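Trainee: requesting a structural model of the entry that follows:
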Amino acid sequence: MTACPRKYSARRRGSALVLAIWLIAVLSVMVLSFSTDAILQMNVNRYVRRRAHVDHLTAAGIPIAEMLLKDYQDVSDAAADENIDELLEEDRWILEKRAIKRGGTATTGAIPVDPLDPDGGTVTVIIKPLEAKWNINLLYAGGDANYDKIWDSILTQAGIPEEMDELREAIVDSWTDWRDTDDLATGREGAEDDYYESLETPYKTRNGEITDLRELEMVKAFAENPVLLTGGVLNPDAKPSDQITVKPLTAFFDVFGAGKINVNAASREVLLSVPGIGDQDDADTIVAAIMQERETVEPSDNSSMAFGPFKDWNDMNSRMGDSSLGNTASQYLGYVPESYFEITIVGASAGVTHRVRAIAMVVDKKTRYIRWSEDP
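Mentor: Residues are numbered from 1 along each chain as shown. All right, here's what the predicted structure looks like:
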């Protein structure tokens with residue numbers, strides 16, 4: 001018995017309809033996929049164009065930074081009767097140059113590439129001196145004559161109690177042996193090659209200057225107590241009431257500078273670590289007064305009052321009022337940049353940014369880059 005032609009034709013039409021629906025669905029998915037890929041590619045292309053644009057903006061900040069560092073020493077100091085508006089017409093960067101000359105941080109703010117096109121992007125240049133921390137390379141017996149006093153003040157401000165004299169001694173002695181050039185262990189807690197070569201992964205002491213603070217992780221006292229570099233609880237096994245929280249020692253150190261602290265750029269913690277400041281009863285008040293006084297605020301009335309970063313020890317003392325200092329701190333403080341600077345350049349446009357961070361040395365008005373890093 002044969003199938004009814006009408007039923008057979010209906011089944012064929014039904015199969016064709018299902019096939020058509022599946023075909024339309026597949027084509028729709030393909031079209032959607034192609035559309036999504038096209039949109040993604042368009043966004044990628046847009047980002048690449050914007051990123052290339054901000055890269056150019058950042059590149060434009062490099063000559064601005066180099067120009068400021070080349071000319072800052074030649075700029076005149078502020079005078080009581082000068083007209084700042086006229087000076088800005090002659091040199092639009094005079095305030096930034098003065099900030100650097102006085103030892104403070106200079107920032108250009110977000111400079112529009114085209115003032116008539118607010119969407120064209122901006123570039124920001126920030127320059128600050130690096131003599132705002134202790135140069136750890138000088139803090140040993142063969143470096144600064146007062147290294148022991150400086151270490152003692154730093155360890156106190158970091159929160160390491162004087163009662164933990166063995167740890168404090170280990171920090172100073174093991175660092176001294178890492179930095180000095182002889183093979184003799186210092187004190188009871190020093191460590192030379194015989195100690196480091198006995199480790200599971202042996203290595204030798206530096207016996208010279210370090211160029212990166214991360215190398216401290218290899219020094220005996222810091223390797224045994226990593227929290228000294230990162231900050232945190234020094235004795236986590238003790239009951240909560242007896243736990244000791246310390247600040248990271250890296251907050252006090254750098255590997256550049258002539259050994260003095262730039263009072264116009266140093267942080268609160270570093271200022272408190274200066275012998276003659278942090279050991280005073282009213283240390284917090286003194287440091288607060290220093291940080292308030294050094295803010296660079298140009299007078300608006302052409303008055304002769306002192307303002308901004310300190311020029312020298314006498315200027316600092318005369319402006320401190322009731323928070324005057326003794327002479328002990330004078331030998332540890334500087335007021336103008338030495339030769340090392342941290343440069344930050346940020347290009348920004350349409351939500352895309354590119355940041356460059358560099359360490360530069362200025363010699364004979366020429367900028368030489370020691371380190372250079374960029375955002376990926």
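
Trainee: from here on, just use CA atoms for contacts and neighbour counts.
Mentor: Noted.

Trainee: can you give me the helices for the stretch 201-350 of the chain?
Mentor: Applying DSSP state H, counting those that start in this stretch to the stretch 201-350 of the chain gives helices spanning 220-224, 227-230, 268-272, 283-293, 313-319.

Trainee: tabulate these (a markdown table), appending mean pLDDT and distance to residue 72.
Mentor: Supplementary listing: the helices of the stretch 201-350 of the chain in a markdown table, determined by pLDDT from 0 to 100; distance: least, Cα to Cα, whole Å:
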| stretch | mean pLDDT | distance to residue 72 |
| --- | --- | --- |
| helix 220-224 | 96 | 40 |
| helix 227-230 | 96 | 35 |
| helix 268-272 | 95 | 25 |
| helix 283-293 | 90 | 22 |
| helix 313-319 | 87 | 21 |
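
Trainee: please name whichever of the ones you listed is nearest to residue 364.
Mentor: Comparison of these against residue 364 by Cα to Cα identifies helix 313-319 as nearest, at 26.3 Å.

Trainee: dump that closest one to PDB, restricted to CA.
Mentor: In PDB, the C-alpha atoms belonging to helix 313-319 read as follows (Å, rounded to 0.1, in the frame of the first residue of the first chain):
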ATOM      1  CA  TRP A 313      68.600  76.700  58.000                       C
ATOM      2  CA  ASN A 314      68.200  80.300  59.100                       C
ATOM      3  CA  ASP A 315      65.100  80.800  56.900                       C
ATOM      4  CA  MET A 316      63.700  77.600  58.300                       C
ATOM      5  CA  ASN A 317      64.200  78.500  61.900                       C
ATOM      6  CA  SER A 318      62.900  82.100  61.500                       C
ATOM      7  CA  ARG A 319      59.700  80.800  60.100                       C
END
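
Trainee: in it, what's buried?
Mentor: Of the residues in helix 313-319, 313, 316, 317, 319 count as buried by neighbour count, 16 or more other Cα atoms under 10 Å.

Trainee: what do you get for stretch 50-58?
Mentor: Under the neighbour-count criterion of 16+ other Cα under 10 Å, stretch 50-58 has 50, 51, 53, 54, 55, 57, 58 buried.

Trainee: tell me the secondary structure at the first one.
Mentor: Remark: residue 50 carries the secondary structure label helix [criterion: DSSP: H, G, I helix; E, B strand; the rest coil].

Trainee: that one and residue 36, how far apart?
Mentor: Computed as Cα to Cα, to the nearest Å, the residue 50 to residue 36 distance reads 21 Å.

Trainee: shaky segments in the stretch 201-350 of the chain?
Mentor: Low-confidence segments of the stretch 201-350 of the chain, defined by pLDDT under 70: 296-307, 322-324.

Trainee: tell me which of the helices of the stretch 201-350 of the chain sits most buried.
Mentor: Mean neighbours per residue, mean count of other Cα atoms under 10 Å, is largest over the helices of the stretch 201-350 of the chain for helix 268-272, with a mean of 22.

Trainee: and it, what does it pack onto?
Mentor: Helix 268-272 sits against helix 147-158, helix 283-293, with contacts defined as 3 or more Cα pairs under 8 Å, 6 or more residues apart in numbering; DSSP states H and E.

Trainee: for residue 102, find the nearest of those.
Mentor: helix 283-293 (13.0 Å).

Trainee: wait, residue 336 touches residue 98, no?
Mentor: No - counting by Cα atoms under 8 Å, residue 336 does not reach residue 98; the two are 10.6 Å apart.

Trainee: sheet partners, orientation included, of the longest strand along the chain?
Mentor: Longest strand in the chain, counting residues (DSSP state E): strand 352-363. Strand 352-363 pairs in its sheet with strand 340-349 (antiparallel), strand 366-374 (antiparallel), by DSSP bridges.

Trainee: right, so of those strands, which gets closest to residue 270?
Mentor: strand 340-349 (17.3 Å).

Trainee: so, low pLDDT: which residues of the stretch 51-200 of the chain?
Mentor: Filtered on pLDDT under 70, the stretch 51-200 of the chain yields the residue ranges 78-82, 118.

Trainee: how about the helices of it, start to end?
Mentor: In the stretch 51-200 of the chain, the segments counted as helices under DSSP H, counting those that start in this stretch are 84-90, 94-101, 147-158, 165-179, 193-196.

Trainee: from residue 352, how far off is residue 182?
Mentor: For residue 182, the distance to residue 352 (Cα to Cα) stands at 52 Å.
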